[in-house]
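In: build me a model:
(2 chains)
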Protein chains: 2
Amino acid sequence: MDRTFSQWKKQCLNKLDLSKKGSVDQDIEHVVSLLNSCEEYFTTSSCSGRIILIDGAPESSDVQKQNCVWLFVSHKTCTSDDLMTAVAKSSGDAVLKFEPFVLHVQCRRLEDAQLMHSVAINSGFRNSGLTVSKTGKIITAVRSTHGLEVPLSHEGKLLVEHKYINFLTQIANQKMEENLRRIHRFFQNLQSALTVEKLQTLQIPGPPASQELQYSSNLLETGTEEKDKTSVYKRRRKRDQHQTDCFHGDSSSGLHDLDDCLDLFT
Amino acid sequence: MDRTFSQWKKQCLNKLDLSKKGSVDQDIEHVVSLLNSCEEYFTTSSCSGRIILIDGAPESSDVQKQNCVWLFVSHKTCTSDDLMTAVAKSSGDAVLKFEPFVLHVQCRRLEDAQLMHSVAINSGFRNSGLTVSKTGKIITAVRSTHGLEVPLSHEGKLLVEHKYINFLTQIANQKMEENLRRIHRFFQNLQSALTVEKLQTLQIPGPPASQELQYSSNLLETGTEEKDKTSVYKRRRKRDQHQTDCFHGDSSSGLHDLDDCLDLFT
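Out: Predicted coordinates:
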């Protein structure tokens, strides 16, 4: 099993990067390097987060939805002029999306995947989860609930005013900045968790149980406000409750409510 | 372990439903009943999918993002009048959202969770994943990539025209209908998978490996077009590739691309 994992890792890291860019996104190079430097982990795919504008076939049309055109892609913040220029090229149904950080990490053992999952949840990536394949591949997907999806044109015709696109640009850029803060929090929580893990492997007493929660607060970047720390705890408590209590109907909704409120304008 | 699971299940199913509605959403009652009738599973939370309008504190404000007001919630399709009436009540920053079906299923063994996850992925719920807690709780979250998140007002002022809200209503309703089709597909794939599982437990030869994929096509509701079947296969192939190949940068992106195109107007 361990040998198999090392082989998978070797094969993966020796492969050509088959992505369009052919390289890891700049904002997450340090995260990917840290993970690939650990013998328990390697990354299989990643995207730092992006603002995109896609032109889809109008739903009336017979053209398959796969046939869509990428009018704009940015892994950084953008200007409303960028979006105006891009949407002007729309001949179908254009949709503006903010897609947050996503990372797939293959893990040696289930415990390693659990650690990765817990770091992800504590850093605010509440849609994270594990996949265990029949061949024994264990992958943790780090995913955010954080999104934006706004139709801008129909059959090439702009549906909104320029000032609305200015407003959307601000919202998308705020989400991009919050996304970077979460990546930073994830990186710092990950560093701390891996250190504790190493100490425990060396049978040197690790920090107390409460320590894990501590990371979420201690390691938030400077200047983060008190309420941000609180929201990290709240998210975590809510998630725990969500997974262990028996709620139904609009309940999952207990979680949704919080997501809506937390993610609305961050 | 098995005794613990049965105890958890008993406790959970005997608990009061603490959700606002106090009951399981009508469109998923059959899914929840089927799962709770299996000794390997029980549901801990669920939402059939909903169109919501939430009024958040303007980001300029100091008010915590938690303090948001629910202007509208519907678990069925809605009219643009519903949304116009609701958005008229906005005094902050109102956002229209479509939130798809979400289900949390606690599973007896890891194999049971893997089966649930594979049924979810084959039914088009590509953000599904497992959680394994330190106490041994194994939960599969069934989640879709399918969303819509559109800012409609800022500081109580409407940002878009009525005809744009008419267009959004159509899009949200189309997503609600596609959501119901996916729930139906999930239910049918689940029924088939559980039958095969039972046959295998009774050591009666199950269907060939290819069978699992068969469900995705055989069990699509009548009237589903050929291209829908194809998209199920494509999604699945893409997902497998995404989890086993080594892509980076805009790569995860390989998956995003397809999601964008598939989910754009479904």
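In: quick one: contacts for A:Leu71?
Out: Going by Cβ atoms under 8 Å, 6 or more residues apart in numbering or on different chains, A:Leu71 touches A:53-55, A:86-87, A:89-90, A:94. Bear in mind the C-beta positions are built from the backbone N, C-alpha and C, glycine included.
In: assign a three-state SS to it, would you?
Out: At A:Leu71 the chain is in strand, as set by DSSP: H, G, I helix; E, B strand; the rest coil.
In: what pLDDT does the spatially closest residue to A:Ser74 that is not a sequence neighbour get?
Out: Leaving aside its sequence neighbours, A:Ser74 sits nearest to A:Ile51 (Cβ to Cβ, 6 or more residues apart in numbering or on different chains; 4.9 Å). pLDDT for A:Ile51: 98.
In: repeat for the one 4 residues further on
Out: We note a pLDDT of 97 for A:Asp55 in this prediction.
In: name the element it belongs to?
Out: strand A:41-56 (DSSP states H and E).
In: that strand pairs with which strands, parallel or anti?
Out: Strand A:41-56 sits in its sheet next to strand A:69-74 (antiparallel), strand A:93-107 (antiparallel), going by DSSP bridges.
In: close to chain B, is the helix or strand hosting A:Val119?
Out: In the assignment (DSSP H and E), A:Val119 maps to helix A:110-122. Yes - remark: helix A:110-122 sits within contact range of chain B at A:110, A:113-114, A:117, by Cβ under 8 Å from any Cβ of the partner chain.
In: filter those to the buried ones?
Out: Among the residues of helix A:110-122 next to chain B, the ones that count as buried by 16 or more other Cβ atoms under 10 Å in any protein chain shown are A:113-114, A:117.
In: re the thing from before, just the strands paired with strand A:41-56: most buried one?
Out: Comparing those by mean neighbour count (mean count of other Cβ atoms under 10 Å in any protein chain shown), strand A:93-107 ranks first with a mean of 25.
In: is stretch A:7-23 positioned near chain B?
Out: Yes - legend: contact between stretch A:7-23 and chain B by Cβ under 8 Å from any Cβ is shown at A:11-13, A:15, A:17-23.
In: hmm, I typed the wrong one, I wanted stretch A:153-173.
Out: Yes - applying Cβ under 8 Å from any Cβ, one finds stretch A:153-173 in contact with chain B at A:154, A:159-161, A:163-164, A:167-168, A:171.
In: which ones among these lie within strands?
Out: In this view, the residues of stretch A:153-173 next to chain B that belong to strands under DSSP state E are A:His154.
In: could I get the residues of stretch A:153-173 next to chain B as CSV with pLDDT and neighbour count?
Out: Formatted as CSV, those follow (pLDDT from 0 to 100; neighbours: other Cβ atoms under 10 Å in any protein chain shown):
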residue, pLDDT, neighbour count
A:His154, 97, 20
A:Leu159, 98, 19
A:Val160, 98, 21
A:Glu161, 97, 13
A:Lys163, 97, 10
A:Tyr164, 98, 21
A:Phe167, 98, 18
A:Leu168, 98, 22
A:Ile171, 97, 22
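In: among the residues of stretch A:153-173 next to chain B, which lie within helices?
Out: Residues of the residues of stretch A:153-173 next to chain B located in helices (DSSP state H): A:163-164, A:167-168, A:171.
In: now, which of the residues you listed sits nearest B:Lys198?
Out: Relative to B:Lys198, the closest of those is A:Ile171; by Cβ to Cβ it sits at 49.6 Å.
In: closest to chain B among the residues of helix A:110-122 next to chain B?
Out: A:Gln114 (5.5 Å; Cβ to the nearest Cβ).
In: what residues are up against that closest one?
Out: Contact partners of A:Gln114, counting by Cβ under 8 Å, 6+ apart, are A:130, B:132, B:134.
In: skipping adjacent residues, who's closest to the closest residue to chain B within chain A in space?
Out: Going by Cβ to the nearest Cβ, chain B is nearest to A:Gly129 of chain A, at 1.6 Å. Nearest residue to A:Gly129, sequence neighbours excluded (Cβ to Cβ, 6+ apart): B:Gly129, at 1.6 Å.
In: do the same with A:Ile171
Out: B:Pro151 (5.9 Å).
In: so who does the one you found touch?
Out: Contact partners of B:Pro151, counting by Cβ under 8 Å, 6+ apart, are A:150, A:167-168, A:171, B:93-95, B:159.
In: phi first, then psi, for it.
Out: phi -60, psi 130 (degrees, to the nearest 10).
In: bridging residues for it?
Out: According to DSSP bridges, beta-bridge pairing links B:Pro151 with B:Val95.
In: I'd assumed A:Ser128 was in contact with A:Pro100.
Out: No - with contact defined as Cβ atoms under 8 Å, A:Pro100 does not reach A:Ser128; the gap is 11.6 Å.
In: joint contacts of those two?
Out: Listed contacts common to A:Pro100 and A:Ser128 are A:Arg143; contacts here mean Cβ under 8 Å, 6+ apart.
In: quick check, central residue of chain A?
Out: Centroid-nearest residue in chain A, with Cα atoms, centre = their mean: A:Phe101, separated by 3.1 Å.
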